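Enquirer: build the 3D model from these lines:
(2 chains)
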Number of protein chains: 2
Amino acid sequence: MKIIMAEHAGFCFGVKRAVDAIENALKNSKEVWTIGLPIHNPQEVARLENLGLRVANDESEIPTGAEVLIRAHGEPLDVIERLQARDVKVQDMTCPFVKKAQELAAQMSKEDYHVVLLGDKNHPEIKGILGHVANNSNAEVVANEDEAEKISRHSKIALISQTTQREERLANVAGILTRKSSQLHVCNTICKATGERQDAVRELVTAHDVDGVVLIGGRASANTGKLRDIIKAHNIEVLWIEDENEIESNLDWFKNKNTIGIAAGASTPAWLIDKIKQQVGVRS
Amino acid sequence: MKIIMAEHAGFCFGVKRAVDAIENALKNSKEVWTIGLPIHNPQEVARLENLGLRVANDESEIPTGAEVLIRAHGEPLDVIERLQARDVKVQDMTCPFVKKAQELAAQMSKEDYHVVLLGDKNHPEIKGILGHVANNSNAEVVANEDEAEKISRHSKIALISQTTQREERLANVAGILTRKSSQLHVCNTICKATGERQDAVRELVTAHDVDGVVLIGGRASANTGKLRDIIKAHNIEVLWIEDENEIESNLDWFKNKNTIGIAAGASTPAWLIDKIKQQVGVRS
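Expert: Below is the predicted model:
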């Protein structure tokens, strides 16, 4: 059994920065809050909760005067303003790439562009970006090319992407919206780490003769989902797992596979990748 | 033999405006100059020359103090400035849609965008738009998707289209350049008349059971070339002619054809379309 690791896998810069900030904050405070899971990885969240992290379901659960760390996905502007208004200490760890998308959403809407976001309307990152569009402006979220085709004509459209989007899809949607506007401003806000992980997975399934790919990442991780799409598009089998225990319950998957690739989404910590790599080596 | 006319055919607004201006100017002056042919239609140019039009090959042939009419295609900024500097009376009949593309080229280059023009680098319209890009800026012209793929990465790219471009191609190139920039500003400067003529030709070859299309337009007419591409893409035979005499020399083409469509580019005068329609009716 041969194991080939994707060249780029696991924690991206923005996630590492937010997790480090939580750990640092917990050196000085007994408890630090986040709104929602700080990253889409249950194992890493459990580790942080052991250090003193408290995860609120929404802003209302944050006690007045508490310390809140805005996760890498970001938050709508009004959420941060309301927290600050009731003396919550806010440390903004929004990923700089997401921040850029938020700033562009604000700027474009102020310049009277009709803002179109490409991404998942239920994902916190998209909700956060949407929450930076200037008041009284229309903005809409499209998930794919079909939904983009339904957008009506506007003289000025700004297209902004969720940072974990596939570049092929952004390019297709840009083509579609070109026909629906006199001026289309495309903000390619897909982050470098996302592209690198996607390229690494593409390289894994094309340059190497792998029989399947073990993909590590939280079920809710958008960027991991995109990696799965790329692997499947090359007709290679994927085993998407969250932790090492899932290896045990999927031993059948490994049968008759000689070469296995391992890839991981941007929210997967290095220690988990190592653990799973070891487990795959033993089990297969 | 049945003849079906394309719903929109012949002179567009910009060409009609320029030709009317030449005729009006010749009511008050013995001679009026244009730089290059005022429109890509030899028959119409011959008619205007009979009224007193003089066609110069380039600006140097224009006598000092003469009256020059800038054709619908437009001219680079420095050409107009040099003419005015030597007391040539300039009447600018640049098509308002082309003017808009020129203004956007100037504005985008001043805002530090790398300007990419989609069109034919030898066409006067593209030369004119290129001549409005601000000094010291780089700008390049691409003819198609393959050439767009070769553009190198720039943080800000502005894509501006020749007004007679096919929208499909502009959309494809916008998709390609999305991957080559952080911010892509697409100016959909394709004019309405071009779109209407393209849609009308598409309707002609899809909604009607035509066995072939007679396409009228000057050999150098960019927009007529695009109409030919659309007809061919639907596997329908095209007979591209400039004048009624070409009917005689292509009688074979009409054999075994029961239904014939007639379409015409934006530089074809109505009187020529009528003449050819009559000729096709007699000959087939």
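Enquirer: got a list of contacts for the helix or strand of chain A with the lowest mean pLDDT?
Expert: In chain A, no helix or strand scores lower on mean pLDDT, DSSP states H and E than helix A:270-283, which sits at a mean of 86. Outside helix A:270-283, the residues within contact range by Cβ atoms under 8 Å, 6 or more residues apart in numbering or on different chains are A:1, A:3, A:5, A:9-11, A:41, A:43-44, A:214, A:216, A:241, A:243-244, A:247-248, A:251, A:254, A:260, A:262, A:264. The C-beta positions use only the backbone N, C-alpha and C, and glycine is treated the same way.
Enquirer: what's the distance between it and the middle of its chain?
Expert: 23 Å (Cα atoms, centre = their mean, to the nearest Å).
Enquirer: same question, stretch A:264-274
Expert: Distance of stretch A:264-274 from the chain centroid (Cα atoms, centre = their mean) equals 13 Å.
Enquirer: keeping just the C-alphas, turn that stretch into PDB.
Expert: Taking Å, rounded to 0.1, in the frame of the first residue of the first chain, the C-alpha atoms of stretch A:264-274 are listed here in PDB:
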ATOM      1  CA  ALA A 264      -7.400  17.700   3.900                       C
ATOM      2  CA  GLY A 265      -9.500  20.800   4.000                       C
ATOM      3  CA  ALA A 266      -8.300  24.200   5.400                       C
ATOM      4  CA  SER A 267      -9.900  23.600   8.800                       C
ATOM      5  CA  THR A 268      -8.100  20.300   9.500                       C
ATOM      6  CA  PRO A 269      -5.300  20.600  12.100                       C
ATOM      7  CA  ALA A 270      -1.900  19.100  11.400                       C
ATOM      8  CA  TRP A 271      -2.100  16.700  14.400                       C
ATOM      9  CA  LEU A 272      -5.300  15.100  13.000                       C
ATOM     10  CA  ILE A 273      -3.800  14.700   9.500                       C
ATOM     11  CA  ASP A 274      -0.800  12.900  11.100                       C
END
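Enquirer: look up how far residue B:282 lies from the residue of chain A positioned farthest from its centre.
Expert: In chain A, counting by Cα atoms, centre = their mean, residue A:256 sits farthest out from the average C-alpha position, at 33.0 Å. As for residue A:256, its distance to residue B:282 is 75 Å (criterion: Cβ to Cβ, to the nearest Å).
Enquirer: and the stretch 101-250 of chain A, which residues reach chain B?
Expert: A:167, A:170-172, A:174-176, A:178-179, A:181-189 (Cβ under 8 Å from any Cβ of the partner chain).
Enquirer: tell me where the stretch 101-250 of chain A has strands.
Expert: A:114-118, A:139-142, A:156-161, A:183-187, A:212-216, A:237-241 (DSSP state E, counting those that start in this stretch).
Enquirer: list the buried residues of stretch A:133-151.
Expert: Buried residues in stretch A:133-151, counted by 16 or more other Cβ atoms under 10 Å in any protein chain shown: A:133-134, A:137, A:139, A:141-143, A:147-148, A:151.
Enquirer: pipe these into TSV and attach distance to residue A:113 per row.
Expert: Formatted as TSV, the buried residues of stretch A:133-151 follow (distance: Cβ to Cβ, whole Å):
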residue	distance to residue A:113
A:133	10
A:134	10
A:137	8
A:139	9
A:141	15
A:142	15
A:143	20
A:147	18
A:148	16
A:151	13
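Enquirer: which one of those residues sits closest to residue B:50?
Expert: Nearest to residue B:50, judged by Cβ to Cβ, of the buried residues of stretch A:133-151 is residue A:151 at 51.1 Å.
Enquirer: list the contacts for the closest one?
Expert: Taking Cβ under 8 Å, 6+ apart, one finds A:116, A:140, A:142, A:157, A:176-177, A:180 in contact with residue A:151.
Enquirer: swap the cut-off to 7 Å and go again
Expert: Residue A:151 is in contact with A:116, A:140, A:142, A:177, A:180, counting by Cβ atoms under 7 Å, 6 or more residues apart in numbering or on different chains.
Enquirer: give me the neighbour count for residue A:107.
Expert: Using other Cβ atoms under 10 Å in any protein chain shown, residue A:107 has 15 other residues around it.
Enquirer: look up how far residue B:59 lies from it.
Expert: From residue A:107 across to residue B:59, the span is 42 Å (Cβ to Cβ).
Enquirer: and if you look at residue A:128?
Expert: Distance from residue A:128 to residue B:59, by Cβ to Cβ: 56 Å.
Enquirer: look at these two and report which has more neighbours.
Expert: Taking other Cβ under 10 Å, residue A:128 and residue B:59 do not tie; residue A:128 has more neighbours (24 against 19).
Enquirer: isn't that one up against residue A:103?
Expert: No - taking contacts as Cβ atoms under 7 Å, residue A:128 lies outside contact range of residue A:103: 11.8 Å.
Enquirer: output the below-cut-off pLDDT ranges for the stretch 151-284 of chain A.
Expert: A:283-284 (pLDDT under 70).
Enquirer: where do the helices sit along it?
Expert: A:167-178, A:192-207, A:222-233, A:245-248, A:251-254, A:270-283 (DSSP state H, counting those that start in this stretch).
Enquirer: equivalent analysis for the stretch 1-150 of chain A, please.
Expert: Under DSSP H, counting those that start in this stretch, the stretch 1-150 of chain A gives helices at A:13-28, A:42-51, A:77-85, A:96-110, A:124-130, A:145-149.
Enquirer: send me the longest one as CSV with only the CA atoms.
Expert: Taking Å, rounded to 0.1, in the frame of the first residue of the first chain, the C-alpha atoms of helix A:13-28 are listed here in CSV:
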residue,chain,number,x,y,z
PHE,A,13,-3.3,30.9,7.2
GLY,A,14,-6.7,32.5,8.3
VAL,A,15,-7.7,29.5,10.4
LYS,A,16,-4.3,29.1,12.0
ARG,A,17,-4.3,32.8,12.9
ALA,A,18,-7.8,32.5,14.6
VAL,A,19,-7.0,29.3,16.5
ASP,A,20,-3.6,30.8,17.7
ALA,A,21,-5.5,33.9,18.8
ILE,A,22,-8.0,31.8,20.8
GLU,A,23,-5.1,29.9,22.5
ASN,A,24,-3.3,33.2,23.3
ALA,A,25,-6.5,34.8,24.7
LEU,A,26,-7.0,31.8,26.9
LYS,A,27,-3.6,32.2,28.5
ASN,A,28,-4.8,35.5,30.0
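Enquirer: appreciated, that's everything.
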